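A.B. asks: sequence and predicted structure are below.
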Amino acid sequence: MFRFRFLRFWLYFFCCIFVYSCSSVPDELKTADRLIETAPDTALFLLQHISPNNYKNPSYHAFYGLLLVRAMDKMLLPLQSDSLLNYSLNYYKEHHDDNQLATCYLYKGRRCKYELQYDKAMGYYLIGLDIAQRTNDNLLLGRFNLDMGDIYLLQRDYSLSRQKYKRSFESFTKIKFQSQAFYSLLNIGRTYHAARDYNNAQLFYKKVISYSADSLEKASLLQEIAINFYDHKQFDSAMIYFRQVIQYPYIGNNKAVRYSYFADLFLDLKQIDSATLYAKNAFKYYPDIITQRECYRILTNAGFLKGNIKQMKMYMNKYVAISDSVRKIENQSKGSLIESIYSTKKEVIKTKNNQWYIVGFMFLGLMIGLILIIQLRKLNILEIQKTEIHYQQQKNRIRIDVLTKHSESLLKKIETVKSNQSSERKKASPAVKEKLDRKIYEDILHLNDIDFFYTEMDTVLNNLVSKLRSRYPALTSKEICWCCLYLLHIPTTDIYLLLDYKVGSLKKMKQRLAQKIILSGIKGIDDFLIGILTE
């Protein structure tokens, strides 16, 4: 009994060690995770010197991909390839890790947002926000609401945007994330400014001053105050704040935005050279598409005011081109519509879950109905196909009947001429008989005038000659004539005479003909010609 307990203890101990070794995260990934918020450059450096292929364990691979995307985003680097992020998302979907899965959806949304695909971004944000609400992770909730607020602001849904920013502020405040809470408040002020409620915007910005903790945050606030004064046509106040903020540190494209507005202010003050200088300098600081458009507008107007028509035309063309791109972005489905559709779908799913019996029967009935519809449609299609085939067969039969009648009439005419020459033919030599036969065919078919003969054959044989000449340009005149005579049922002995062929040479001609029209042998020529005749 003692030995059994002893063995069980050691078995349990080794199982614990094995489970711990399988589930523990590598130290370098733990370190990168700790550093992302405080020292993202160090975290990114560490991750970029690790190959994801080092991690055979799928959970490490997924964690690595998510960490790399987070670090790149924190460093304001473009999220170019999302293959690693897709791997992480699929892994956390399968393993039901809501926190990490919601984070994946956040960065999928941000990738689309940076690429100005706001409708796709909103789709990812809504899914991720639902998952984040299950986890009660305030950091994630704050980030989702902040990003969604940005999209609503860009799409001029100011009240919805303000709601999202307020929620993000509440979430960040709960975890004392001062920096993000500050930007949430700042963006609430931007919603008033965007709605042209300049007085309320200015009052709100004054309240936000106490929340700014460093020079970057203060610079962002001063920038918005300056822009608000400018749009409110208070140019003196705008100039004071722009001159103050222009030298402040910046993140992202803030420097380009400052230069763009500063240039616009100088343009309004008729200081054309300064306006041109700042508008051009804005392009050095990675302006977004809206800022680029405004800079091109300023440069176009500056060129006009200076009388520089060449400059004006050049920048006008760029302004028009980029305006088209902006228009396409603005024509995307609004985030409010996407959220409304998503909420409706959620309600429908909830109702379906509560009434799954009814839905099951409805689904079954729908499936039966669809099957019946499909079967009926198949029957209709078959009937239509049968009708078309029957019609085509009738059409082909009529064409063949017409050809047969024409051929019979032709042969009868030839026999009539020959019978009228019967007395002459009895006394004639073989050579003279050949001349008489040639003369008959020349008189009836005009073989001596090849162009006239081709025209006649096109009329009688449904454009056979034209089809052969256009599709198979390698065919000789003799080969085309043989095809026509063959379909007219001209006797083979007469074909020998008319085309100067012997038995062996005619066979070789048929073989060459089959090769030119891409047939395996001369047996298929008959079907081939009938096919072209009945097209």
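C.D. replies: Sure thing, it's come through.
A.B. asks: quick check: which ranges of the protein have low pLDDT?
C.D. replies: For the chain, residues meeting the criterion pLDDT under 70 lie at 1-24, 80-81, 353-361, 387-399, 401-402.
A.B. asks: from the centre of it, point out the most distant residue.
C.D. replies: In terms of distance from the mean C-alpha position of the chain, residue 427 ranks first, at 84.3 Å (CA atoms, centre = their mean).
A.B. asks: how many residues are close by residue 487?
C.D. replies: By other CB atoms under 10 Å, the residues close to residue 487 number 21. (Glycine included, C-beta is placed from N, CA and C.)
A.B. asks: over to residue 421?
C.D. replies: Residues lying near residue 421 (other CB under 10 Å) number 16.
A.B. asks: try residue 143
C.D. replies: By the criterion of other CB under 10 Å, residue 143 has 26 neighbours.
A.B. asks: now do the one 5 residues further on
C.D. replies: For residue 148, the number of neighbouring residues by other CB under 10 Å comes to 27.
A.B. asks: look up how far residue 85 lies from it.
C.D. replies: Computed as CB to CB, to the nearest Å, the residue 148 to residue 85 distance reads 19 Å.
A.B. asks: how about whichever strand or helix holds residue 291: buried residues?
C.D. replies: If you go by DSSP states H and E, residue 291 is part of helix 289-306. Within helix 289-306, the residues scored as buried using 16 or more other CB atoms under 10 Å are 290-304.
A.B. asks: with stretch 203-218 instead?
C.D. replies: Here stretch 203-218 shows 204-205, 208, 211-212, 216-218 as buried, counting by 16+ other CB under 10 Å.
A.B. asks: break down this protein into its strands, ranges please.
C.D. replies: Secondary structure of the chain (DSSP state E): no strands located.
A.B. asks: same list, the buried residues of stretch 203-218, but as a markdown table with distance to residue 177 please.
C.D. replies: What follows is those, written out as a markdown table (distance: CB to CB, whole Å):
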| residue | distance to residue 177 |
| --- | --- |
| 204 | 20 |
| 205 | 21 |
| 208 | 16 |
| 211 | 12 |
| 212 | 15 |
| 216 | 15 |
| 217 | 13 |
| 218 | 18 |
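A.B. asks: looking at those residues, which one is closest to residue 469?
C.D. replies: When those are ranked by distance to residue 469 (CB to CB), residue 216 comes first, at 78.3 Å.
A.B. asks: so what's the closest residue in space to the closest one that isn't next to it in sequence up against?
C.D. replies: Closest residue in space to residue 216, ignoring its immediate chain neighbours: residue 249 at 5.6 Å, by CB to CB, 6 or more residues apart in numbering. With contact set as CB atoms under 8 Å, 6 or more residues apart in numbering, residue 249 has these partners: 215-216, 219.
A.B. asks: what's the answer for residue 76, then?
C.D. replies: Contacts of residue 76 by CB under 8 Å, 6+ apart are 251-252.
A.B. asks: could you redo the last one with a cut-off of 10 Å?
C.D. replies: The contact partners of residue 76, taken as CB atoms under 10 Å, 6 or more residues apart in numbering, are 40, 114, 251-253, 286.
A.B. asks: would you show me how to pick out the buried ones of the residues you listed in PyMOL?
C.D. replies: Those of the contacts of residue 76 that count as buried under 16+ other CB under 10 Å are selected in PyMOL with:
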select buried, resi 40+253
